[in-house]
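*Asks:* Got a predicted structure plus its sequence, pasted below:
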Amino acid sequence: MVLLVLLVLLVPKVTEVILASLGYLDQLGKAECPESQVKKEDLENPDNPDDLENLDNLENPGRPGEPGRPGEPGSNMMCRQDATGSSCTDPRAFAKLELDVEVKPFLPDELKVAFSAGLTDSGSVGPFDEETTLIFSKTITNVGQAYNQTAGVFTAPVRGLYFFSFTAADYLKGYMGLYLYRNNQPIIFNLDLNDHGGYASSSSGVALQLEEGDRVRLSLPASYRLYDDSRNFSVFSGFLLFPL
């Protein structure tokens, strides 16, 4: 009977001690893991509904997911802003530009045409009773062989634009002058008066459009005279500017 009374009196005390011990251990675990307690409090916050899933992913990570599809390509556009607004240009468009340029073949043997020739080494030429074609017999340059030094005539090898020039000299008083002809048509008449005696000269030049086979020459009017010697006072020159 006495033992039964003791059990009845001791059981509540023992139960109370056991429960108190369990509470202490729970508080001790919370103190040792404050980070877990904070995380739980955060997870209980209804303002962060995604935290529960994030925490679960951190504590129990799954296998890596499949790679995502490639993103859209970035823009290569070049844009500028000014007072009228903005405008953009794709630089790749420049690579598609094609130059519409007609390249003509260069024919060296046909396009290189030039000559210069001196009149004579004999001194005075003229005066004559009638107009006379002058023969510039001292060839200085004759690229393309278009000038005939025997006849004193240049013949155009191709249709094109040509430039001709000449210088005439004399040392006596009187008139000196020259005609320049295209075929039988006079193009230039160059006249000068040597009124003082001594050496004097006169020069002129012209650009002419010639057809293939056209002839150009210089002619001395009747009663006029010129002078030349090894120093080349009187010279006839011409060259092709470009074919047409």
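*Replies:* Arrived safely, thanks for sending.
*Asks:* May I see the buried residues of stretch 144-159?
*Replies:* Counting neighbours by 16 or more other CB atoms under 10 Å, one finds that the buried residues in stretch 144-159 are 144, 146-148, 152-158. Backbone N, C-alpha and C define where each C-beta goes, glycine included.
*Asks:* Repeat that for stretch 237-244.
*Replies:* Neighbour-count burial for stretch 237-244 [16+ other CB under 10 Å]: 237-240.
*Asks:* Could you list which of these belong to strands?
*Replies:* 237-240 (DSSP state E).
*Asks:* ok, the residues you listed vs residue 111, which is closest?
*Replies:* Closest approach to residue 111 among those (CB to CB): residue 240, at 6.7 Å.
*Asks:* Look up which residues are beta-bridged to the closest one.
*Replies:* Note on residue 240: beta-bridge partners by DSSP bridges are residue 162.
*Asks:* need the contact list for it.
*Replies:* Contacts for residue 240 were tallied using CB atoms under 8 Å, 6 or more residues apart in numbering; they are 111-114, 144, 158, 160-162.
*Asks:* quick check, nearest of those residues to residue 222?
*Replies:* Using CB to CB, residue 162 is the member of the contacts of residue 240 that lies nearest residue 222, at 27.9 Å.
*Asks:* Which pLDDT value belongs to the closest one?
*Replies:* Here the pLDDT value assigned to residue 162 is 98.
*Asks:* Next, count neighbours for it.
*Replies:* 23 (other CB atoms under 10 Å).
*Asks:* mind listing the helices for the protein?
*Replies:* Counting by DSSP state H, the chain has helices at residues 2-32, 34-43, 51-59, 108-111.
*Asks:* Out of the ones you listed, name the one with the poorest average pLDDT.
*Replies:* helix 34-43 (a mean of 48).
*Asks:* low-confidence ranges in the chain?
*Replies:* The chain contains residues with pLDDT under 70 at 1-61, 73-110.
*Asks:* and it, what are its domains?
*Replies:* Taking automatic domain parsing as the criterion, the chain consists of the domains 13-57, 108-243.
*Asks:* Dig out what residue 154 forms beta bridges with.
*Replies:* As assigned using DSSP bridges, the partners bridged with residue 154 are residue 147, residue 216.
*Asks:* thought it was touching residue 115?
*Replies:* Yes - if you go by CB atoms under 8 Å, residue 154 and residue 115 touch, sitting 6.6 Å apart.
*Asks:* Now for those two: what residues contact both?
*Replies:* In contact with both residue 154 and residue 115: 146-147, 238, using CB under 8 Å, 6+ apart.
*Asks:* So which of these is the closest to residue 200?
*Replies:* Looking across the shared contacts of residue 154 and residue 115 and measuring by CB to CB, the closest to residue 200 is residue 238, at 23.6 Å.
*Asks:* residue contacts, the residue lying closest to the closest one once chain neighbours are set aside?
*Replies:* Spatial nearest neighbour of residue 238, excluding adjacent residues (CB to CB, 6 or more residues apart in numbering): residue 164 at 4.1 Å. The neighbours of residue 164, taking CB under 8 Å, 6+ apart as the test, are 154, 180, 205-208, 216, 236-238.
*Asks:* Many thanks, I have nothing further to ask.
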